[in-house]
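S.K.: quick one, structure for this:
(one chain, ligands or ions: 1)
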Amino acid sequence: MRSTLLSRRDLDFLLYEWLDVEGLTARKRFADHSRETFDGVLDLCEQVATKYFAPHNKLNDANEPTFDGDRVTIIPEVATALDAFAKADLLGMTFDNRFGGAQLPFTVGTACFAWFQAANVGTSGYPFLTLGNANLLVEHGSEELIDTYVRPMLDGRFFGTMCLSETQAGSSLADIVTRAEPRDDGTYRVFGNKMWISGGDHELTENIVHLVLAKIPGGPAGTKGISLFVVPRFLVNSDGSIGERNDVVLAGLNHKMGFRGTTNTVLNFGEGRYTPGGAAGAVGHLVGEPHRGLAYMFHMMNEARLGVGLCATSLGYTGYLKSLEYARSREQGRSPLSKDPSAAQVPIIGHADVKRMLLAQKSYVEGALALNLYCSRLVDLQHTAESDDERSGATALLDILTPVAKSWPSQWCLEANSLAIQVHGGYGYTREYDVEQHYRDNRLNPIHEGTHGIQGMDLLGRKAVQNGGASLLAFGGALSGTVAAATERGGELAELGVALQATSQRLLAVTAEMFAGGDIEAAMANSSIYLEAFGHVVVAWIWLEQLVAADGKTGDFYDGKRQAGRYFYRYELPKTAPQLDLLASLDRTTLDMNDAWF
Ligand SMILES: Cc1cc2nc3c(=O)[nH]c(=O)nc-3n(C[C@H](O)[C@H](O)[C@H](O)COP(=O)(O)OP(=O)(O)OC[C@H]3O[C@@H](n4cnc5c(N)ncnc54)[C@H](O)[C@@H]3O)c2cc1C
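M.R.: Presented below is the predicted three-dimensional model:
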């Protein structure tokens, strides 16, 4: 039976027929791997996700974690699934051999993790956060921090969190007030409150490793004064055993619309409930240098942003497959050509409007998955670059694609979930079917890891203009390469190439026009619209890439790719024209709206 979580056929196409991940094994880092090891881990992930994660997805949603003022209770299936995940050595998939990892390409790791997010976002939230945390420490932490915290995280004994947000500082991290006071022994004591912390409290593991942004008194104002600390729930003794309880406590759980299986917490640091070493204050260990915390955290946030995009895609993908299955079995109505009321009803997939909704979903989720994997491959190229040029090229392109890879799936795979509900009709609106939960779960993705609006400002205000427009140029170059390949193939591919080239040239021209008059306020006012137009051009490009890879190949799978690509070019890409017109006009409707007029 075909999985309704993800399509392995699609993953194989993307990984092997398009992105040539086998080619990565020519690089030293991946030399021990082969198609067999990649297939083996993909099979394993599908099995573990199907057997341990998917079955309790609804249960997790209906029975969210509770807090009795002392302890958090989570349904036992979560621990069983996470235990299976850890025992299969999946936490270390992409980490270095020297940390006990399997050193798989990040691209393969991304494909693997998508199975878990599609099966159960709530439960997969814990390893998601832990991996981001461990990655950051490997990159910026001392050997001691790595030995003490990363190794137990990769063994599944500790889980990690990221503690950035505070009640008064969400999008604006410059305004955090949590402080870290230095002590003579080289440690710090952390005082303050953090809001929204996912995985912030539970008893799933022996310990929780919080990565906390805080300000050291006397440091520079704003983001330049932010430092990063490891604050464990329990202190760790020098022999690695669990020590005293640290002064970080759960103030309460947030009750969410979706994503209910992951605890979401308000944490108090240093309120004096515990007194490690005889004094109040949460013991923290500085990561790297003082005042560079936000830069380190951005390392994690960039990967987390790719992960959030992947999460949105995975939820969109499973919703699509479930609505496809439903549409094939639900009989309702007859063909508009049938005049006979006694004729049997047809499966709803026979209706053009239902096919429209399925094609829209297919074009969104397959386009988004391809974009996520493409970006992951750029991460691999960055890590294993054989020349400075290769590294800087991959970095420039990844920089500009990251806000899109986070936001586009969060917007359009959420729309896919909405269409999946629509395909189910009234049944889709009930909790008996899965799709309403996928929609609620997915609604988080445009909010966390930088809201949609923040991603728009990042794309237009930073990425599109940074280094003299180097990232924008890198994107233009990659896109032109694809158009050239499509032109060479001729026929329909060449026609799509012409449409893409025209739209992308307009996008580049509009970007320049927006800044030409020096009215930054007007240019930035519609940065979310810019993000959306830019995103559609990126995904049209990614679709053309896929169609070139599928060129000349026959069979239902490839015909389906071609039809979904066609759909995207005919129904979606043209949506950018009025958006680009609006952007070019530096429209001030939103800016000129007066607060009193609402
Ligand atoms: C379920 C969940 C899990 C989370 N997990 C974590 C976690 O593990 N760790 C963590 O640190 N945080 C976490 N967060 C916090 C999350 O990252 C923030 O909610 C997010 O950054 C937005 O901050 P805010 O909620 O304060 O909204 P605000 O920053 O108040 O934003 C409200 C609205 O105003 C807009 N806005 C804000 N500033 C500007 C501006 N300058 N220009 C234009 N528009 C603006 C935003 O785009 C948004 O639409 C989580 C949040 C949720 C809901």
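
S.K.: what about Asn135, distance to the ligand?
M.R.: 15 Å (Cβ to the nearest ligand atom, to the nearest Å). For every residue, glycine as well, the C-beta is placed using N, CA and C.

S.K.: residue contacts, that residue?
M.R.: 95, 299-300, 303 (Cβ atoms under 8 Å, 6 or more residues apart in numbering).

S.K.: quick one: which of those has the most company?
M.R.: Met300 (26 neighbours; other Cβ atoms under 10 Å).

S.K.: I'd say it and Leu164 touch.
M.R.: No. Using Cβ atoms under 8 Å, Met300 makes no contact with Leu164, being 9.6 Å away.

S.K.: before we move on, back to that, nearest to Thr110, of the contacts of Asn135?
M.R.: Of all the contacts of Asn135, Thr110 sits closest to Glu303, with 10.1 Å by Cβ to Cβ.

S.K.: any idea how far the closest one lies from the ligand?
M.R.: 14 Å.

S.K.: C-terminal to the helix or strand where that residue lies, what's the next element?
M.R.: In this structure, Glu303 is located in helix 293-329 according to DSSP states H and E. Counting by DSSP H and E, the next helix or strand C-terminal to helix 293-329 is helix 352-384.

S.K.: in that next one, what counts as buried?
M.R.: Using 16 or more other Cβ atoms under 10 Å as the test for burial, helix 352-384 gives 354-355, 357-382, 384.

S.K.: how many residues are close by the closest residue to the ligand within the chain?
M.R.: Of all residues in the chain, Gly170 sits closest to the ligand, at 1.8 Å by Cβ to the nearest ligand atom. Residue neighbour count, defined by other Cβ under 10 Å, stands at 18 for Gly170.

S.K.: can you check Leu591 too?
M.R.: Leu591: 13 neighbours (other Cβ under 10 Å).

S.K.: repeat that for the one 4 residues further on.
M.R.: A count of nearby residues for Asp595, using other Cβ under 10 Å, gives 5.

S.K.: state the pLDDT value of it.
M.R.: Per-residue confidence for Asp595 comes out at a pLDDT of 97.

S.K.: please apply the same query to the one 3 residues further on.
M.R.: pLDDT for Phe598: 97.

S.K.: burial measure for it, as a count.
M.R.: By other Cβ under 10 Å, neighbour count at Phe598 equals 5.

S.K.: contacts for stretch 268-286?
M.R.: Contacts with stretch 268-286, where a contact means Cβ under 8 Å, 6+ apart, come from 145, 178, 180-181, 187-194, 212, 214, 227-232, 235, 244-251.

S.K.: repeat for stretch 464-472
M.R.: By Cβ under 8 Å, 6+ apart, stretch 464-472 touches 396-397, 399-400, 463, 508, 511, 515, 534.

S.K.: top of those by neighbour count?
M.R.: Among the contacts of stretch 464-472, the one with the most neighbours (other Cβ under 10 Å) is Phe534, at 32 neighbours.

S.K.: how about Gly240: what's its closest non-neighbour residue?
M.R.: Once flanking residues are discounted, Gly240 sits nearest to Thr148: 7.0 Å by Cβ to Cβ, 6 or more residues apart in numbering.

S.K.: oops, could you answer that again for Thr395 instead?
M.R.: Nearest one to Thr395, counting by Cβ to Cβ, 6+ apart, is Gln382 at 5.7 Å.

S.K.: tell me who's in contact with the one you found.
M.R.: 391, 394-395, 398.

S.K.: just the ones of those in strands?
M.R.: Within the contacts of Gln382, no residue falls in strands by DSSP state E.

S.K.: report the buried members of those residues.
M.R.: Of the contacts of Gln382, these count as buried by 16+ other Cβ under 10 Å: 394-395, 398.

S.K.: can you pull the residues of the stretch 451-598 of the chain lying near the ligand?
M.R.: Counting by Cβ under 6 Å from any ligand atom, the residues of the stretch 451-598 of the chain close to the ligand are 451, 453-454.
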